[in-house]
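Q: Build me a model from this:
(one chain, ligands or ions: 1)
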Amino acid sequence: MTSAVPDTKADDVLVLSQVTFRRDGREILHGIDLTVRAGEHWALLGPNGAGKTTIVGFCAAQTHPTTGTVDVLGKRLGRVDMQELRRHIGHVNPRHSLRSPLSVVDVVLTGITGTIDTPMRWTPTAEQIDHAHALIDDVGLGDRRTSTWPTMSQGERGRALVARALASDPELLLLDEPTTGLDVAAREQLLETIDGLAVTAPNVASILVTHHLEELPESTSHALVIAHGAQVASGSVNDVVTSEIISRAFEHPITVGHDAGRWSARAVRAREAP
Ligand SMILES: Nc1ncnc2c1ncn2[C@@H]1O[C@H](COP(=O)(O)OP(=O)(O)OP(=O)(O)O)[C@@H](O)[C@H]1O
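A: This is a model prediction of the structure:
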């Protein structure tokens, strides 16, 4: 039996307990529980409007729940300096609101300060700059490192944001639709980079939001599936990403495939139905 008060352990990177969220008089999330431990790689799946981005907002120390508790890296939201906490969280956010013409290197360096723009009176160390360049190479942007944000394609921005998220050597990595806008080769390279974290940064925990099962990295270990702001299933990826659960969450008959570590989904056509 699960206890109402979660048993927070040393390797718990993130604990959401009975989280609800209300906006404009409407409850968007209805009692979400999630515990992510060091080294676990979670997928957060669910149809449009299910509440995925809202959940990521708590994990990123950007919003507080209406009721329930959120502990990020051992700190309870509401009792902690959120800006300071964000420095330990890598967040790839498709709504990154950068307006100024920062170069790729400068964008990556803002991952260290946890800010959108380069803060005034902040100068990176030579080591931080070297690290930024190494990350830019890792995401395949080596020949675009001096390009400025407004001149970059959506895919190039996506890669830069992944390098930015890794710049602070985060303990928690949040990837909200990180492959959106990437071509197939860039997507595969990015998934390889993410899978590589299991080796290069084995203690990093991650949560990846996607609409496409094909975009789940092989290293995905767990999944939380939500629909209409409520949990449909949570646990080991092999137990949760099944035809039955995905069909239930998306309210549509879907056949889920799993081959050589990668996932796929397709609708059951009428002629295939029993
Ligand atoms: N600023 C807001 N004001 C009111 N309602 C909001 C606001 N932002 C989101 N919502 C509502 O909250 C619900 C959950 O939204 P959220 O963006 O978390 O879903 P999502 O699962 O990330 O969706 P998608 O897959 O479409 O990105 C939706 O019904 C949405 O309309």
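
Q: host element of the residue of the stretch 101-250 of the chain found nearest the ligand?
A: Of all residues in the stretch 101-250 of the chain, the one sitting closest to the ligand is H211 (6.1 Å; Cβ to the nearest ligand atom). Where C-beta positions appear, they are placed from N, C-alpha and C, glycine not excepted. Under the criterion DSSP states H and E, no helix or strand holds H211.

Q: Tabulate the CA atom coordinates of the helix or strand of the chain with the lowest mean pLDDT in PDB.
A: The weakest-scoring helix or strand in the chain, judged by mean pLDDT, DSSP states H and E, is helix 184-200 (a mean of 83). Output of helix 184-200 as PDB, limited to C-alpha atoms (Å, rounded to 0.1, in the frame of the first residue of the first chain):
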ATOM      1  CA  VAL A 184      15.600  12.700 -39.400                       C
ATOM      2  CA  ALA A 185      19.400  12.700 -39.300                       C
ATOM      3  CA  ALA A 186      19.500  15.500 -36.700                       C
ATOM      4  CA  ARG A 187      16.800  13.700 -34.700                       C
ATOM      5  CA  GLU A 188      18.800  10.500 -34.600                       C
ATOM      6  CA  GLN A 189      22.000  12.400 -33.700                       C
ATOM      7  CA  LEU A 190      20.100  14.000 -30.800                       C
ATOM      8  CA  LEU A 191      18.700  10.700 -29.600                       C
ATOM      9  CA  GLU A 192      22.200   9.300 -29.700                       C
ATOM     10  CA  THR A 193      23.400  12.300 -27.600                       C
ATOM     11  CA  ILE A 194      20.700  11.700 -25.100                       C
ATOM     12  CA  ASP A 195      21.400   7.900 -25.000                       C
ATOM     13  CA  GLY A 196      25.000   8.800 -24.500                       C
ATOM     14  CA  LEU A 197      24.200  10.500 -21.200                       C
ATOM     15  CA  ALA A 198      23.600   7.100 -19.600                       C
ATOM     16  CA  VAL A 199      27.400   6.600 -20.000                       C
ATOM     17  CA  THR A 200      28.800  10.100 -19.800                       C
END
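
Q: What helices and strands are in contact with it?
A: On a contact count with 3 or more Cβ pairs under 8 Å, 6 or more residues apart in numbering; DSSP states H and E, helix 184-200 meets helix 154-166, strand 205-209.

Q: rerun at 7 Å
A: When contacts are defined as 3 or more Cβ pairs under 7 Å, 6 or more residues apart in numbering; DSSP states H and E, helix 184-200 sits against helix 154-166.

Q: can you give me the strands in the protein?
A: Secondary structure of the chain (DSSP state E): strands located at 12-23, 26-37, 41-45, 67-72, 75-76, 89-92, 172-176, 205-209, 222-227, 230-236, 254-259, 262-267.
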